[in-house]
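Enquirer: Quick one: sequence plus predicted model below, questions after.
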Amino acid sequence: MKEKKAWAWFLGMTVFLVCLDQASKAWAAAVLKGNSGIPVLPGVLELYYLYPENKGIAFGMFQNSAGVLLIVTGLLMLLLLWVFHKVPKTRYFFLIHLVCLLFFSGALGNLLDRVCRGYVIDFLYFSLISFPVFNLADTFVVAAAILMVLSGIFKYKNDEDFAWLKNTR
């Protein structure tokens, strides 16, 4: 039963996060496209529709490489599902479950953009440090990466924490 509850949580949260991402992008396209932007925290954070749209990945890399990006994203998503399947469904491993969820949801959110629109909508801009424009799916991926690093440093440090990798069900 733990396994079914964990998968229900994973799928339910994935749907929620992807819907949140897609709704925010639809809002950005409807409200921000063609406008100069909306300051949320002046000099720090702006809502700004990036044009031309992002046909690559982070920092403008791999522009116009949709086929490669679709294959790599699909493989990454399969790997994340495999890891989620393998990790024991106990409270101790919740951070690994969360990392899988955030990476998967972020990848799926941007994958849907690439498949349905041919580009990814980016609209969040940290003007304080002139950081590249990004979206909610990107924040899910970054949050997952930060959680993964921090959990590796502070929580999952022993070989026995990864015994589940050797366990073949």
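Expert: Yes, it's here.
Enquirer: Which neighbouring elements make contact with whichever strand or helix holds residue 4?
Expert: Per DSSP states H and E, residue 4 falls inside helix 2-31. Under the contact definition 3 or more Cβ pairs under 8 Å, 6 or more residues apart in numbering; DSSP states H and E, helix 2-31 sits against helix 94-116, helix 136-154. For the C-beta atoms, the positions are set from N, CA and C on the backbone; glycine is no exception.
Enquirer: now for the helix or strand following that helix, which elements pack on it?
Expert: Next along the chain after helix 2-31, taking DSSP H and E as the criterion, comes strand 38-41. On a contact count with 3+ Cβ pairs under 8 Å, 6+ apart, strand 38-41 meets strand 45-47.
Enquirer: got a list of contacts for stretch 146-165?
Expert: In this structure, residues lying in contact with stretch 146-165 by Cβ atoms under 8 Å, 6 or more residues apart in numbering are 86-88, 93, 95-96, 98-99, 102.
Enquirer: Check which residues of stretch 120-128 are buried.
Expert: Buried residues in stretch 120-128, counted by 16 or more other Cβ atoms under 10 Å: 120-125, 127.
Enquirer: any chance of those in CSV, with secondary structure too?
Expert: Output for those, formatted as CSV (DSSP: H, G, I helix; E, B strand; the rest coil):
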residue, secondary structure
120, strand
121, coil
122, coil
123, coil
124, strand
125, strand
127, coil
